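>>> Sequence and predicted model, in that order:
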Amino acid sequence: MSETWKVSIPCTRAEARILAADYLFVSSADSSPTIVASETDAKRPDEWMIDVYCDAEPDPDLIANLLLLSPSAQAASAAPMIERLADEDWVTMSQQGLEPLRAGRFHVHTASGHPSDNPGLTNICIDAGQAFGTGHHETTMGCLQSLDQLRRSGHRFRHIADVGTGSGLLAFAAHHLWRDAKIIASDIDPVAVAVTEANAGQNAIKLGNGRSQIRLVRSNGLDHPALRQRAPFDLIIANILAGPLVALSPQIAAASAPGTVLLLAGLLSRQQAEVVRAYVREGFRLKHARLANEWPCLTLVKAKKYGWTRKPHRKKSPLASDYFGEC
């Protein structure tokens with residue numbers, strides 16, 4: 001039976017939020033640890049804790065890497081707390097404190113939570129495990145609300161890609177909103193792909209290549225042959241990080257057609273201008289920005305062919321509306 005160890009490191013609320021959006025870090029272990037950030041005292045809202053679960057006793061190199069997650073703990077020379085856990089289902093235990101959430105028409109809960117009996121809500125059960133994405137972070141909440149708004153405003157999509165799917169939550173939401181769509185969900189992390197497959201089974205969502213099904217692939221961006229074959233998409237969702245979003249802009253543009261809707265999240269508000277500029281250069285226009293705390297969720301649309309040309313002899317912002325035709 002494998003061991004389970006927990007390393008607890010104090011952090012600030014801001015560090016926990018950044019960690020929730022950027023959960024990849026260098027590890028000296030053979031398998032990726034699971035990270036859970038939680039508030040320690042409601043009366044002290046800035047005091048949070050990072051709990052890292054490992055399947056082997058953490059060595060000094062791993063501890064040093066984990067401390068990089070909390071600069072405030074490093075500055076205060078705070079020693080991490082290390083303990084070996086009893087043989088229990090610690091993933092389930094770590095999620096027991098997560099309350100169900102409401103985002104648009106979606107009611108998202110873990111297996112230890114309860115589905116809603118409101119017929120107007122769509123229940124989705126997510127147990128993230130080693131792939132994060134239970135919906136409790138502002139980036140995922142913003143994407144769920146934006147997807148719901150797209151459906152309410154009459155959008156119909158038939159070919160959808162969820163890039164960096166994590167736990168599969170956003171792909172599942174798109175499946176519920178557009179039942180006849182062909183959806184492909186990808187992630188660079190094989191653990192995320194396995195977790196999404198398990199979550200699909202828990203939600204009775206069929207996996208496959210047909211309509212009303214979700215195809216799962218492991219891919220670095222949109223580099224998988226299945227993604228290239230299915231392009232162009234009429235809806236692309238990418239809830240990742242600002243750096244990868246900028247780097248992937250040419251790939252995403254190549255997989256888009258005039259009128260393609262693009263939903264971007266995982267960036268901070270201070271990174272929005274850089275991300276938008278990257279996609280404006282690829283022929284997109286910003287339609288809407290939904291902001292929750294410092295986390296924007298951006299909705300962009302690919303301009304019609306020949307419909308976005310820079311007017312000569314005028315100096316305007318690259319976001320000026322007259323650079324674009326109708327979408």
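All right, it came through fine.
>>> now the stretch 201-327 of the chain, which segments are flagged as low pLDDT?
292-293, 305-327 (pLDDT under 70).
>>> Strands of that one, residue ranges please.
Counting by DSSP state E, counting those that start in this stretch, the stretch 201-327 of the chain has strands at residues 214-218, 233-239, 256-265, 284-292, 295-302.
>>> and residue 16, which of those strands is closest to it?
strand 295-302 (12.8 Å; CB to CB). In this view, the C-beta of every residue, glycine as well, is placed from N, C-alpha and C.
>>> got the angle for that closest one vs strand 284-292?
Strand 295-302 and strand 284-292 are oriented at 160 degrees to each other (axes from the mean of the first three to the mean of the last three CA atoms, to 10 degrees).
>>> so where's the stretch 51-200 of the chain uncertain?
Looking at the stretch 51-200 of the chain by pLDDT under 70, you get 86-100, 128-138.
>>> Dump the strands of the stretch 201-327 of the chain into CSV; add mean neighbour count as well.
Shown next, in CSV, are the strands of the stretch 201-327 of the chain (neighbours: other CB atoms under 10 Å):
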stretch, mean neighbour count
strand 214-218, 19
strand 233-239, 25
strand 256-265, 22
strand 284-292, 17
strand 295-302, 23
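>>> Adding distance to residue 112, write those out as a markdown table.
A markdown table is the format used below for the strands of the stretch 201-327 of the chain (distance: least, CB to CB, whole Å):
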| stretch | distance to residue 112 |
| --- | --- |
| strand 214-218 | 24 |
| strand 233-239 | 24 |
| strand 256-265 | 26 |
| strand 284-292 | 25 |
| strand 295-302 | 26 |
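>>> Out of those, flag the one nearest residue 107.
strand 284-292 (18.2 Å).
>>> got the residue ranges for the strands in the stretch 51-200 of the chain?
Under DSSP E, counting those that start in this stretch, the stretch 51-200 of the chain gives strands at 81-84, 101-103, 106-109, 122-125, 159-163, 182-187.
>>> Any chance of these in TSV with mean neighbour count as columns?
Converted to TSV, the strands of the stretch 51-200 of the chain look like this (neighbours: other CB under 10 Å):
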stretch	mean neighbour count
strand 81-84	12
strand 101-103	17
strand 106-109	24
strand 122-125	20
strand 159-163	27
strand 182-187	26
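>>> So for residue 258, which of those sits nearest?
strand 159-163 (13.9 Å).
>>> Counting by contacts, list what that closest one packs against.
Packing contacts for strand 159-163, counted by 3 or more CB pairs under 8 Å, 6 or more residues apart in numbering; DSSP states H and E, involve helix 169-177, strand 182-187, helix 225-230, strand 233-239.
>>> Of all these, which one is nearest residue 69?
Of all the helices and strands packed on strand 159-163, strand 233-239 comes closest under CB to CB, at 20.2 Å.
>>> how far out from the middle of the chain is the closest one?
12 Å (CA atoms, centre = their mean, to the nearest Å).
>>> Give the pairing partners of it; include direction for each.
strand 159-163 (parallel), strand 256-265 (parallel) (DSSP bridges).
>>> Reformat these into CSV and put distance to residue 44 next to each item.
Output for those, formatted as CSV (distance: least, CB to CB, whole Å):
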stretch, distance to residue 44
strand 159-163, 37
strand 256-265, 29
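>>> Which one, of the ones you listed, ends up nearest to residue 178?
strand 159-163 (6.9 Å).
>>> Walk me through the domains of the protein.
5-88, 101-323 (automatic domain parsing).
>>> Among those domains, show me which one is buried the most.
domain 101-323 (a mean of 19; mean count of other CB atoms under 10 Å).
>>> if we can go back for a sec, any chance of the strands of the stretch 51-200 of the chain in TSV, plus distance to residue 268?
Output for these, formatted as TSV (distance: least, CB to CB, whole Å):
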stretch	distance to residue 268
strand 81-84	29
strand 101-103	20
strand 106-109	23
strand 122-125	26
strand 159-163	19
strand 182-187	22
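>>> Which one of the ones you listed lies nearest to residue 201?
Using CB to CB, the nearest of those to residue 201 is strand 122-125, at 10.4 Å.
>>> who does that closest one pair up with?
strand 106-109 (parallel).
>>> where's the partner strand relative to the chain centroid, distance-wise?
16 Å.
>>> which residues are contacting that strand?
For strand 106-109, contacts defined as CB atoms under 8 Å, 6 or more residues apart in numbering pick out 100-102, 115-116, 118, 121-126, 134-135, 144, 148, 169, 173, 176.
>>> How about stretch 203-217?
Against stretch 203-217 from outside (CB under 8 Å, 6+ apart): 124-125, 158, 165, 168, 171-172, 175, 179-186, 193, 196-197, 200, 224, 226-227.
>>> Show me where this structure has its helices.
13-21, 60-67, 71-75, 90-95, 138-152, 169-177, 190-202, 225-230, 242-247, 249-254, 272-280 (DSSP state H).
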